[in-house]
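>>> What follows is a predicted structure for the sequence shown.
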Amino acid sequence: MTGRVIVVTGTSTGVGKTVATAALAVRARGAGQVTVVKPVQTGITGIDPSDADEVHRLTGCSVQEYTALDDPLAPDTAARRQGMRIPPVAEYADRIRVLTGFHDVVLVEGAGGLLVRLDTDGGTLLDLAAELAETVPVEVVVVAAAGLGTLNHAELTVGALRARGLEPAGLVIGAWPAEPGLAELCNAEDLPRLTGVPLIATIPAGVGALGSAEFQAQAPSWFS
């Protein structure tokens, strides 16, 4: 077995990437065995659940978290403050490749945006995706906000991916408001038009608070 990897990145932090990852995991179950990886998690308090915990709660999928850091900062900054060395991106890639031998789909959720440093050597999620793509099938899904500013952020993210030879598989609006305004309605039309990437899902705001069964029942309806 050689499974495929779906890398989930955001155009910024706070755009709904974790809930989008959970929805993608529910959808991917139709393809077989699914696991979710969070290479680096920051802001670990011991009180609030981590992103990996939330994905597991919503989906029941197996999850792995490789590096956990205390401060709610970019991973390399948080690691320096703690005096910790984070494994280089190449090590994360090796571990994810092993998982593709046992799972049909491996979802990898990044931290923040595409160019946030995941290690103290300057490696980014973009570097991780490009390295994985050399040996296993990789799809990249970009999670974007609904409101003002999202067009610029999405185009920059898509451009950075294409510059490394990675064509995004789709866009997801990570938190669609219950009462969208003019900006949100226009952005939903303009995002695919301006980026040339299809909008594959629109996820309602607040669904991360649902119970597991309800989340899994509703998730398929959020996809085009």
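That came in fine, so what should we check first? Only a predicted model underlies this, so the values are computations on that prediction, with no experimental measurement involved. Numbering: from 1, shown residues only.
>>> In this structure, what helix or strand scores lowest on average pLDDT?
Among the helices and strands of the chain, helix 75-82 carries the lowest confidence by mean pLDDT, DSSP states H and E, at a mean of 91.
>>> got a list of contacts for that helix?
Helix 75-82 is touched from outside by 40, 42, 67, 69-73, 85-86, 111, 116-120, 122, with contacts defined as Cβ atoms under 8 Å, 6 or more residues apart in numbering. For the C-beta atoms, the positions are set from N, CA and C on the backbone; glycine is no exception.
>>> and with 7 Å instead?
For helix 75-82, the external contacting residues (Cβ atoms under 7 Å, 6 or more residues apart in numbering) are 40, 42, 69-71, 85-86, 111, 116-120.
>>> Can I have the buried ones of those residues as a ChimeraX selection?
Applied in ChimeraX, the following selects the buried portion of those according to 16 or more other Cβ atoms under 10 Å:
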select :40,42,69,86,111,116,117,118,119,120
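>>> give me the low-pLDDT residue ranges for the protein?
Residue ranges of the chain with pLDDT under 70: 1, 46-47.
>>> was I right about residue 119 contacting residue 84?
No. Using Cβ atoms under 7 Å, residue 119 is not in contact with residue 84, being 10.6 Å away.
>>> Okay, helices next: where are they in this structure?
Using DSSP state H, the helices of the chain run over 17-28, 51-59, 75-82, 89-99, 125-133, 150-163, 182-195, 212-218.
>>> tell me the most buried of those helices?
helix 17-28 (a mean of 26; mean count of other Cβ atoms under 10 Å).
>>> which residues sit against it?
By Cβ under 7 Å, 6+ apart, helix 17-28 touches 6, 8, 10, 34, 36, 51, 54-55, 58-59, 61, 105, 107, 109, 141, 143, 172, 174, 201, 203, 207-208, 215-216, 219-220, 222-223.
>>> Of these, which belong to strands?
6, 8, 10, 34, 36, 105, 107, 109, 141, 143, 172, 174, 201, 203 (DSSP state E).
>>> quick one: which of these has the most company?
Most neighbours among the ones in strands among the contacts of helix 17-28, by other Cβ atoms under 10 Å: residue 143, with 31 neighbours.
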